[in-house]
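J.: below: sequence and its predicted model.
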Amino acid sequence: MAGDVRYKSHHVKRQELTKMLRITVQEEVGYQTIKLEGKVVGPWVNELRRSWQSLAPSLGTRELLLDLRGVSFVDAEGRKLLRDIYQKNGAHFLADSPLTNYFVDLAMQCSSTSENKGA
């Protein structure tokens, strides 16, 4: 099963389009993947939270993969959510650049003092 969440208004300004987040959920035999593309900011953090919370009960023994390879920015609330997902589900991350590896490093930090640092 794959789901795709993408929000777009008919009257969206070009500037707002650059703030979009695409969330794709893919289910496989041993794992489930949440693939993120865009910016994890503002209202999109809540959309990611809803996606994760609806997925978490069905994980069972499957691993959760967070694919951040398409992420270009994560705000403080987004970093906190990624950290929560990591701590509560032992999620594994997919990253392919210094920037996405940086987001992974922040998510894997256990200290809340890291909220004042970063992207």
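T.: Perfect, thanks for sending it.
J.: let me see the ranges of the helices in this structure.
T.: Here the chain has its helices, by DSSP state H, at 14-17, 43-55, 76-89, 98-108.
J.: turn these into TSV, including distance to Gln32 and mean neighbour count.
T.: (C-beta placed from N, C-alpha, C; glycine too.) Converted to TSV, those look like this (distance: least, CB to CB, whole Å; neighbours: other CB atoms under 10 Å):
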stretch	distance to Gln32	mean neighbour count
helix 14-17	28	9
helix 43-55	6	16
helix 76-89	10	18
helix 98-108	17	17
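J.: with respect to Gly70, which of those helices lies nearest?
T.: helix 98-108 (8.4 Å; CB to CB).
J.: OK, contacts around the one residue sitting closest to the centre of the chain?
T.: The residue lying closest to the centre of the chain (CA atoms, centre = their mean) is Leu36, at 5.4 Å. Residues in contact with Leu36 (CB atoms under 8 Å, 6 or more residues apart in numbering) are Leu21, Arg22, Ile23, Leu48, Leu66, Asp67, Leu68, Gly70, Val71.
J.: settle this for me: the third one is touching Leu48, isn't it.
T.: Yes. Checked against CB atoms under 8 Å, the pair Ile23 and Leu48 is within contact range at 6.1 Å.
J.: overlap in contacts of the two?
T.: Common neighbours of Ile23 and Leu48 (criterion: CB under 8 Å, 6+ apart): Ile34, Leu36.
J.: tell me which residues touch the closest residue to Ser97 other than its chain neighbours, please.
T.: Excluding its sequence neighbours, the residue lying closest to Ser97 (CB to CB, 6 or more residues apart in numbering) is Arg69, at 7.6 Å. Contacts here follow CB under 8 Å, 6+ apart; on that basis Arg69 touches Lys35, Leu94, Ala95, Asp96, Ser97, Thr100.
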